[in-house]
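Participant: Dropping a prediction and its sequence here:
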Amino acid sequence: MAGIWLLKSEPTVFSWDDLKAAPNQTTCWEGVRNYQARNFLRDQMAVGDRVLFYHSNANPPAIMGIAAVVKAAYPDHFAWDPQSKYFDPKSTPDMPRWFMVDIQYRRDLDPPVTLPELRRTKGLETMLLLQKGCRLSVQPVTEAQWQLILDLRS
DNA sequence: GCCAACGTTGGC
DNA sequence: GCCAACGTTGGC
């Protein structure tokens, strides 16, 4: 069974609409600079995995829709660019420290599933996103959680 | 803008 | 290896 992930993005940095407007509705997911998130991304994300696209630092924070992984992990070359805000001199082409995947738009959740709605939903209490202080920007989602979330819009 | 929670850094 | 200081995240 293919994996399921929740990816966080601040809409002022890269929004759901940005993804839909991107060439081929596809984008590389650069800028992950946390080791736990990197390990999920690098070691476990695979082509065909399902993605919940979440707007953090938004009003309200919400899952905007569904995307899919269309390219598995490869080195995040933004880490090598001194002009990039994601520059990290400790990552080199020979020894890349950071990785990214490509994701592609699949469909909207209409309307978006807001954080308060998620908190109200029975069965999602253990979802990582809802845990106090969980800042992980790449999170695994269980099949049961996925189904509960989709059921909110069907 | 505030601030709690967390992750990382670096001196020792 | 400890841990204080610092930086970041992200809801509110």
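Facilitator: Structure received. Numbering: from 1, shown residues only, chains lettered A, B, ... in the order given.
Participant: Distance of the residue of chain A most remote from its centre relative to DNA strand B?
Facilitator: Of all residues in chain A, the one whose C-alpha sits farthest from the chain's mean C-alpha position, using Cα atoms, centre = their mean, is A:D94 at 26.3 Å. With distances taken as Cβ to the nearest atom of the strand, to the nearest Å, A:D94 is found 19 Å from DNA strand B. Quick note: C-beta positions are derived from backbone N, CA and C, even for glycine.
Participant: In three-state terms, label that residue for me.
Facilitator: In terms of secondary structure, A:D94 is coil; the call rests on DSSP: H, G, I helix; E, B strand; the rest coil.
Participant: Contacts only, for the closest residue to A:I4 other than its chain neighbours.
Facilitator: On the basis of Cβ to Cβ, 6 or more residues apart in numbering, the spatially nearest residue to A:I4 that is not a chain neighbour turns out to be A:V141, at 4.2 Å. Residues in contact with A:V141 (Cβ atoms under 8 Å, 6 or more residues apart in numbering) are A:I4, A:W5, A:L6, A:L52, A:M127, A:L128.
Participant: any chance of the residues you listed in TSV, with distance to DNA strand C, pLDDT and neighbour count too?
Facilitator: Putting the contacts of A:V141 into TSV (distance: Cβ to the nearest atom of the strand, whole Å; pLDDT from 0 to 100; neighbours: other Cβ atoms under 10 Å) gives the following:
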residue	distance to DNA strand C	pLDDT	neighbour count
A:I4	18	98	19
A:W5	14	98	22
A:L6	10	98	22
A:L52	13	98	23
A:M127	12	96	20
A:L128	10	95	13
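Participant: rewinding a little: now do the residue farthest from the centre of chain A, the pLDDT please.
Facilitator: Listed pLDDT for A:D94 reads 85.
Participant: Name the residues of chain A found near DNA strand B, please.
Facilitator: Those residues of chain A that sit near DNA strand B, judged by Cβ under 7 Å from any atom of the strand, are A:N34, A:Y35, A:Q36, A:K132, A:G133, A:C134, A:R135.
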